[in-house]
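A.B. asks: The following comprises the amino acid sequence and a computationally predicted model.
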Amino acid sequence: MRKRRLLTAILCCTLAAAVPAAASETNSAEVTKVEKTDPSSEASSQGDGGNENNTSSTNGTPQSNSTQTNSTQTNPPQTDPPQTNPPQTNPPQTNPPQTNPPQTNPPQTDPPQTDPPQTNLPQTNPPQTSAPETSAPETNAPQTSAPETSAPQTNPPATEAPVTESPETTPQETVPETGSQTETAAEQTESETAGETAAQTESNQTSETTTESESTLESESETESESETESESETDPEEETESESETSEYGSNEELIAHQNIVTPPDISLEYRFTQVEKDYAVVSNPEGCGIYEEKSEDSREVGKLEYYGICYILADGDSDWVYIESGNVRGFVEAENLAAGEVADRIVKIKGEEELPTARLTVARTENGAFDYTHTTVQEVMADKVFAIASRDLQIYEQKKASSRVIGTLSQGGLCYILADSGSDWVYVESGDSRGFVQASSLKTGSAASSVVSDKGENNLSQAVTQVAPEDNKACYYTVTSVKEASQAAKTREALVNYALQFVGNPYVWGGTSLTNGADCSGFVQTLYATFGYSLPRVADAQSVTGMQIPISSAEPGDLIFYAKNGYVYHVSMYIGNGQVIHAAGRSQGIIVSGISGNAVWATRLIQD
């Protein structure tokens, strides 16, 4: 009896353990089946429902088993195990509800079974159609229509049609319509693109044709206008200006001149005396040294030589390729590329010392150097102390230290001169009036005897030499740059004005222009020149011709203006530079040039005076 009870209990325990194991295997098989049907959305939705059902079934099974087990334990008198087995075998019968939960979602499981490919596409398509940029639908569609999906990629605007149509149709309808829609969109896009391209091409061709025709017309009009202008003034600036001028109130040049106030001015001469200027240092930077030339060319004569680290002083043309310098007794032109100037030169002079730097070596006597008086400025002292000398007889002043040389002036007995150099020698260098040259020392009273005469009679009451050779032609004039008389400021301005104007030779003529570099007409050229030195002139030649002192052309000096007239009207102006030469903006074909005075010159004007 005890053995039977024991066997009954063991059998009950075994059946109780077998029921949940069978239920879990059934549930796992069903879950696996559901997962195979839909790996994406259905798995998640069925998984949630399945878990709930499994949880309830799993929880229910142990509860029933535990109840049954307890019942067997509380009812040991029951001896019929088969009677207790049905409830133990019923849990598998209660498991069908565990398989029924998938039946509660037939719409979710049936569509995948009837048309798996279609369910995959709609399930993946909705998020993909909402984000056309990722083109997810197009990656699935290539299996059925690869060429059709490539068309939207090449034509982005065509993809807009499927995007707008997808919400209006069901996802299942979208799949078969994608190909036809894509083809239609592609065809429409191609036709629209072709039409737009043709329209754009026609528009571009039209605009290009218009632009070319406009540019051609502009070019032709500019060419015609230039041709007309040049034909009016190609060769003669006088005719050009005349065609642009107004009609004169006078019928002829003679009548015009008769109505002017032309006077003969006092005689003036070019200033030969020098003016001292501040030092503008330059140091030779070429290890081989450099030459100093008589003109702005290496083909000209070399008048001096500067060695490496040689010092010089820039006097003019500091911004040019060739600069005018002074070093020791040498004056001439040096290529700017051989020099260090500005702050660099200032530092070198400060470190090494001005007196320690070598000066130029003279190769041509300064009396023979044509570049010596290119400017009348110098860094040297120009004012000399007065050393009086009185002529003990009538004497001559010579160009050289010999009586056979040219006489440049004469001094009567009792006349006054000043010894500038070589005092104590047989021949002394003197200045008297505008005569500068050599006199035999034996023909002069010097020292206290000369000072007594000056004191008794007065310096201004003593006669001075009569000049026979003009200073600019006197080779002895610049034996020294010192003088007992200061340079005339007006003469200095004239010289500077002429030298300044000459650097613009070759620049263009521009009617109505006033630029010395970019172009000017005749009156604009002289107006700008004079304005640079502080003198104001009217704009046109006719008005300029009555500004300042009107003087005869024969009395003109460098810096004076010369005017030209035809049929009683002033049409042109130039500036006199000396030796019968003028500088002017002659015309479009010639630009700014130096030439002789033409026959239509009527008078000159003078603005620069002491």
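C.D. replies: Received, thanks. Numbering: from 1, shown residues only.

A.B. asks: low-scoring stretches of the stretch 1-150 of the chain, by residue?
C.D. replies: Low-confidence segments of the stretch 1-150 of the chain (pLDDT under 70): 1-3, 12-14, 16-150.

A.B. asks: Tell me the buried residues in stretch 468-485?
C.D. replies: 469, 471, 474-484 (16 or more other C-beta atoms under 10 Å). Using the backbone N, CA and C atoms, a C-beta is placed for each residue, glycine as well.

A.B. asks: for the record, mean pLDDT for it?
C.D. replies: Summarised as a single mean, pLDDT over stretch 468-485 is 91.

A.B. asks: Put the alpha carbons of that stretch into CSV.
C.D. replies: C-alpha atoms of stretch 468-485 as CSV (Å, rounded to 0.1, in the frame of the first residue of the first chain):
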residue,chain,number,x,y,z
GLN,A,468,82.0,139.7,-72.3
VAL,A,469,81.1,136.0,-72.0
ALA,A,470,77.8,134.9,-70.4
PRO,A,471,78.2,132.8,-67.3
GLU,A,472,76.5,129.8,-68.8
ASP,A,473,79.2,129.9,-71.6
ASN,A,474,82.1,130.5,-69.3
LYS,A,475,84.0,127.4,-68.5
ALA,A,476,85.6,129.1,-65.6
CYS,A,477,82.3,130.0,-64.0
TYR,A,478,82.1,126.9,-61.8
TYR,A,479,85.7,126.7,-60.8
THR,A,480,84.1,127.1,-57.4
VAL,A,481,80.4,127.2,-56.4
THR,A,482,81.0,129.9,-53.9
SER,A,483,80.0,133.5,-54.4
VAL,A,484,79.8,136.7,-52.5
LYS,A,485,76.2,137.2,-53.7
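
A.B. asks: hmm, who's touching that stretch?
C.D. replies: Stretch 468-485 is contacted from outside by 269-270, 272-274, 366-368, 372-373, 378, 380-386, 398-400, 406-410, 418, 420-421, 429, 431, 434-438, using C-beta atoms under 8 Å, 6 or more residues apart in numbering.

A.B. asks: How about stretch 487-503?
C.D. replies: Against stretch 487-503 from outside (C-beta under 8 Å, 6+ apart): 268-271, 273-275, 316-317, 320, 374-376, 382, 529-530, 532-533, 557-559, 575, 577-578, 583, 594, 608-610.

A.B. asks: Can you list the helices and strands that the strand ranked longest in the chain packs against?
C.D. replies: Using DSSP state E to define each element, the chain has its longest strand at strand 569-578. Applying 3 or more C-beta pairs under 8 Å, 6 or more residues apart in numbering; DSSP states H and E, one finds that strand 569-578 contacts helix 237-244, helix 489-502, helix 522-532, helix 541-544, strand 561-566, strand 581-587.

A.B. asks: so which of these gets nearest residue 511?
C.D. replies: helix 237-244 (7.0 Å; C-beta to C-beta).

A.B. asks: Tell me the helix or strand right after that closest one.
C.D. replies: Once the chain leaves helix 237-244, the next helix or strand it forms, by DSSP states H and E, is helix 253-258.

A.B. asks: packing partners for that next one?
C.D. replies: Helix 253-258 sits against strand 561-566, strand 601-606, with contacts defined as 3+ C-beta pairs under 8 Å, 6+ apart.

A.B. asks: Please point out which parts of that helix sit buried.
C.D. replies: 253, 256.

A.B. asks: What of stretch 516-528?
C.D. replies: 516, 519-528.

A.B. asks: again, but for stretch 406-415
C.D. replies: Result for stretch 406-415 [16+ other C-beta under 10 Å]: buried residues 408-411, 415.

A.B. asks: and which of those is nearest to residue 296?
C.D. replies: residue 408 (29.6 Å).

A.B. asks: Would you confirm that that closest one belongs to a helix?
C.D. replies: No: read with DSSP: H, G, I helix; E, B strand; the rest coil, residue 408 is strand and lies in no helix.

A.B. asks: contacting residues for it?
C.D. replies: 397-399, 435-437, 467-469, 474, 476.

A.B. asks: try it again with 7 Å
C.D. replies: By C-beta atoms under 7 Å, 6 or more residues apart in numbering, the contact list for residue 408 reads 397, 399, 435, 437, 468-469, 474, 476.

A.B. asks: same deal with residue 602?
C.D. replies: Taking C-beta under 7 Å, 6+ apart as the test, what residue 602 contacts is 253, 256-257, 563-565.

A.B. asks: where exactly do the strands run in the stretch 251-400 of the chain?
C.D. replies: All strands of the stretch 251-400 of the chain, identified by DSSP state E, counting those that start in this stretch, fall at 275-276, 281-284, 290-293, 302-306, 311-316, 322-327, 330-335, 339-341, 361-362, 377-378, 388-391, 395-398.

A.B. asks: about what we covered before: list buried members of the contacts of stretch 468-485 by neighbour count.
C.D. replies: Buried among the contacts of stretch 468-485 (16+ other C-beta under 10 Å): 270, 272-274, 366, 372-373, 378, 382, 384, 398-400, 408-410, 418, 420, 429, 431, 434-438.

A.B. asks: can you redo the strands of the stretch 251-400 of the chain as CSV with distance to residue 598 and mean pLDDT?
C.D. replies: CSV is the format used below for these (distance: least, C-beta to C-beta, whole Å; pLDDT from 0 to 100):
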stretch, distance to residue 598, mean pLDDT
strand 275-276, 34, 89
strand 281-284, 41, 97
strand 290-293, 34, 96
strand 302-306, 36, 97
strand 311-316, 30, 94
strand 322-327, 31, 96
strand 330-335, 32, 96
strand 339-341, 41, 96
strand 361-362, 42, 96
strand 377-378, 33, 92
strand 388-391, 47, 97
strand 395-398, 39, 96
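
A.B. asks: can you redo those as JSON lines with distance to residue 455?
C.D. replies: As requested, the strands of the stretch 251-400 of the chain are arranged in JSON lines below (distance: least, C-beta to C-beta, whole Å):
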{"stretch": "strand 275-276", "distance to residue 455": "30"}
{"stretch": "strand 281-284", "distance to residue 455": "44"}
{"stretch": "strand 290-293", "distance to residue 455": "45"}
{"stretch": "strand 302-306", "distance to residue 455": "44"}
{"stretch": "strand 311-316", "distance to residue 455": "39"}
{"stretch": "strand 322-327", "distance to residue 455": "38"}
{"stretch": "strand 330-335", "distance to residue 455": "38"}
{"stretch": "strand 339-341", "distance to residue 455": "49"}
{"stretch": "strand 361-362", "distance to residue 455": "40"}
{"stretch": "strand 377-378", "distance to residue 455": "32"}
{"stretch": "strand 388-391", "distance to residue 455": "9"}
{"stretch": "strand 395-398", "distance to residue 455": "22"}
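
A.B. asks: Residue 262 is nearest to which of those strands?
C.D. replies: Judging the strands of the stretch 251-400 of the chain by C-beta to C-beta, what sits closest to residue 262 is strand 275-276, at 32.1 Å.
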